[in-house]
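Asks: Test case, fold it:
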Amino acid sequence: MAGPVSVALTCEPSFFTARAIEGHRHETVVAEDADGRVIALGNRSVRSVYLNGRMAQVGYLGHLRVETDWRRRTSLLRQGFAMISRARRSDEVPYDLTSIVADNLIARRLLGANLKGLPSYQARETYVTLLLPVPSRGRPWTDGALEIRPGAPGALLDIAACLQRNHRRFQFAPVWTERALRSSRETPNLHPDDFLVARREGRVVGCLAQWDQRPFKQVVVHGYDGLVGRWRPVINALAPALHAPVLPRPGQTLASEFLSHVAVDHDDPEVLEALIRAAQASGRRRRVRNQIMGFSARHPLLEPVQRRFGHRAFVSDLYSVHWPEHDRVDQFDPDDRPSHMDVALL
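Replies: Numbering: from 1, shown residues only. Got it, this is the predicted structure:
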């Protein structure tokens, strides 16, 4: 991703391990030139999500990469999209989802042009990814009626129930079951005690997970534009006072984890603040520098998080992707609920 800070998402040691968290069914298309060099890549993963309050199978298009010299050859894209379209099954929603970073003008112009032979991209919603620095010190949460504790194997059923009743209120939120939360394939390197659980009078009222994906997926800083690059030492010196993220040196992997599996009854900002402050305290012990979470721009919890925590925001646009041969949209058209896609799964 280009911009003031240029980063790359890498999947080491295995692309297929990283891909497994994105869904239960996958189609990956790879294009090679005459010398066998990979020049393009795209992936479609299908997972269970909530659509209008009911479970549905929806595809997500991601990992689209095209070598610079081939980006103007739309025939390459047409062939790749045609292969992905043919793999669609009858039990799936007839459109897919994808997101494009707001400053990726090349992708937005090309894919949004609705060129002949390519699927049409329909803008759905703005998505905001937040990079929250873990402060060196933090104030404890003082609401005595609210208890925040790490999860445990015996708590996963209650956690899954909290996720289900809250995710059902949003569009395209992932469906989680107790079995999936225990699965080392669907949630690798995520353990019961990585969850934080909020309780009032013994009842679970919110949860989130601290998911360290660095063993299989990394965010690597490639570089900075001229101004940010020149002023990076000054920015980093001021970062603690400004509650802003430290900018690592180029080539370095961000010491980060995702705050995933976010669910809060009644969208109570006090509960989410307590969970995030507990996650920051835990992050300090885990020597994490940054924590990443994301919300739809219309999600009621986005504004309280932005107001209460220092952060750096990255804006993307969520699209639905339509093929004419599959477009029976009416019964699958989402109502006006905001979306709640988990950035850890994108």
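
Asks: now the strands: where do they sit in the protein?
Replies: 5-10, 25-32, 38-51, 54-66, 95-101, 120-133, 146-150, 195-200, 203-211, 218-224, 256-264, 290-296, 312-322 (DSSP state E).

Asks: would you turn those into a markdown table with distance to residue 83?
Replies: Every residue, glycine included, has its C-beta placed from N, CA and C. Below are the strands of the chain laid out as a markdown table (distance: least, C-beta to C-beta, whole Å):
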| stretch | distance to residue 83 |
| --- | --- |
| strand 5-10 | 23 |
| strand 25-32 | 5 |
| strand 38-51 | 9 |
| strand 54-66 | 12 |
| strand 95-101 | 14 |
| strand 120-133 | 18 |
| strand 146-150 | 44 |
| strand 195-200 | 38 |
| strand 203-211 | 31 |
| strand 218-224 | 28 |
| strand 256-264 | 30 |
| strand 290-296 | 29 |
| strand 312-322 | 14 |
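
Asks: Can you lay out those strands as TSV showing mean pLDDT, mean neighbour count and distance to residue 81?
Replies: Formatted as TSV, the strands of the chain follow (pLDDT from 0 to 100; neighbours: other C-beta atoms under 10 Å; distance: least, C-beta to C-beta, whole Å):
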stretch	mean pLDDT	mean neighbour count	distance to residue 81
strand 5-10	75	15	21
strand 25-32	95	15	9
strand 38-51	96	20	8
strand 54-66	94	18	9
strand 95-101	94	21	10
strand 120-133	95	19	11
strand 146-150	96	16	44
strand 195-200	97	22	38
strand 203-211	98	22	31
strand 218-224	81	16	27
strand 256-264	97	25	29
strand 290-296	97	23	26
strand 312-322	94	19	9
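
Asks: Looking at those, which is nearest to residue 161?
Replies: Nearest to residue 161, of all the strands of the chain, is strand 203-211, at 7.3 Å by C-beta to C-beta.

Asks: before we move on, the earlier item: any idea which of the strands of the chain gets closest to residue 180?
Replies: strand 38-51 (8.9 Å).

Asks: what angle sits between the closest one and strand 95-101?
Replies: 120 degrees (axes from the mean of the first three to the mean of the last three C-alpha atoms, to 10 degrees).

Asks: looking just at contacts, which helices and strands does strand 38-51 meet?
Replies: Under the contact definition 3 or more C-beta pairs under 8 Å, 6 or more residues apart in numbering; DSSP states H and E, strand 38-51 sits against strand 25-32, strand 54-66, helix 74-86.
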